[in-house]
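Novice: could you work out the structure for the sequence below:
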Amino acid sequence: MKTSIITSNTYQNHNTGAGHPERVDRVKVVNEELKKFDKQVKWFEPEAYDHTIIEKVHSKNYLDNLSKSFPESGIQFLDGDTVVSPGSHHAALDAVGSIILGIDQVINKKFKNSFCSVRPPGHHAESNKAMGFCIYNNVAIGAAYLLHEHKYKKVAIIDYDVHHGNGTQEIFYNNPNVLYISTHQYPFYPGTGSQKETGLDDNILNIPLESGTNSKDYFNSFENVLKKIKLYKPDFILLSSGFDAHMDDPLAQINLKSQDFYEITKRILIVANEVCDGRIVSILEGGYNLDALRESAYMHVKALLEI
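Specialist: Numbers count the residues shown, from 1 in each chain. So this is what the prediction gives:
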């Protein structure tokens, strides 16, 4: 089999409260849709891992304060929109564990690629704070794991969530061993992501998109992503797979269709096959219209299987 899917029942216990867009049903509908691939994929749950890898990304002060923030009952706000409940810590640790397992599976050649169907998402979490529904920066911890545990020299992160991954950028801004590329609506939440933000060693590429951007204009801009990957020649590619650039998503105004996420993934995979033997692990970020999320995730995994 070519593709693994990694998920956990603990995500159902991350309760964000009534009316919150980052809700339990997100992973539920994605997993229901991906069951259509059951004969082509293999499902896994995250395994035990050394939690000290999280300290490579998040400060001790943040982790100490965070450990005291999970309530014994009810919900607690870490910031204006990041909510935790009694089950949130286990869910957040499993989200990290998912990308760790996916990386190990791909490096050990058990699978060509992997998709991690997780919540909470991660790319807004900075080294010293939770933000934007995110507790741990899952994809950043995955990159740190590749650098520190597997001794890779060059890791690329492609983030096509509609919101800029301020956390991932902040964590790796001064680290030339990680290339961070983001396509995102701008100006928009969280306020970062201008083209002027380029990193210490030109290792940050931001591709801001105007509100109302359609598929044609998006893919014209996306060529810059592929060019940068070809120049950088990473050893491994991680995907922050947000599906909230969909035209039906309630939290943004980019007009992609579900099929476009097949095309995005296909184009990345073609380049990945050239530069890093197709080594890719993808992890779920945003996507808040359940039907659009379900369809887009299906198209994404369809491409992972086919290309």
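
Novice: every contact and neighbour count from this point should use C-alpha atoms.
Specialist: Noted.

Novice: going along the chain, name the helices of this structure.
Specialist: In the chain, the segments counted as helices under DSSP state H are 25-34, 60-67, 88-107, 138-148, 166-172, 215-232, 258-275, 290-306.

Novice: rebuild the ones you listed as a markdown table, extending it with distance to residue 53.
Specialist: As requested, these are exported to a markdown table (distance: least, C-alpha to C-alpha, whole Å):
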| stretch | distance to residue 53 |
| --- | --- |
| helix 25-34 | 25 |
| helix 60-67 | 12 |
| helix 88-107 | 10 |
| helix 138-148 | 7 |
| helix 166-172 | 14 |
| helix 215-232 | 25 |
| helix 258-275 | 26 |
| helix 290-306 | 27 |
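
Novice: and of the ones you listed, who's closest to residue 128?
Specialist: Using C-alpha to C-alpha as the measure, helix 60-67 is the one of these that comes nearest residue 128, at 5.0 Å.

Novice: pLDDT averaged over the closest one, what's the number?
Specialist: For helix 60-67, mean pLDDT rounds to 98.

Novice: now do stretch 274-294
Specialist: Here the average pLDDT along stretch 274-294 is 98.

Novice: distance between the ends of that stretch?
Specialist: Chord length of stretch 274-294, first to last residue, is 29 Å (C-alpha to C-alpha, to the nearest Å).

Novice: same thing with stretch 7-26?
Specialist: 12 Å.

Novice: can you list contacts of that stretch?
Specialist: Residues outside stretch 7-26 that contact it (C-alpha atoms under 8 Å, 6 or more residues apart in numbering) are 27, 43-46, 75, 82-91, 94-95, 98, 116-120, 133, 286-288, 290, 293.

Novice: show the buried residues in those residues.
Specialist: 27, 45-46, 75, 82-89, 91, 94-95, 98, 116-120, 133, 286-288, 290, 293 (16 or more other C-alpha atoms under 10 Å).

Novice: correct me, but residue 178 touches residue 155?
Specialist: Yes. Residue 178 is in contact with residue 155 according to C-alpha atoms under 8 Å; the separation is 4.9 Å.

Novice: more crowded one of the two?
Specialist: When residue 178 and residue 155 are compared for neighbours, residue 178 comes out ahead with 27 against 23, by other C-alpha atoms under 10 Å.
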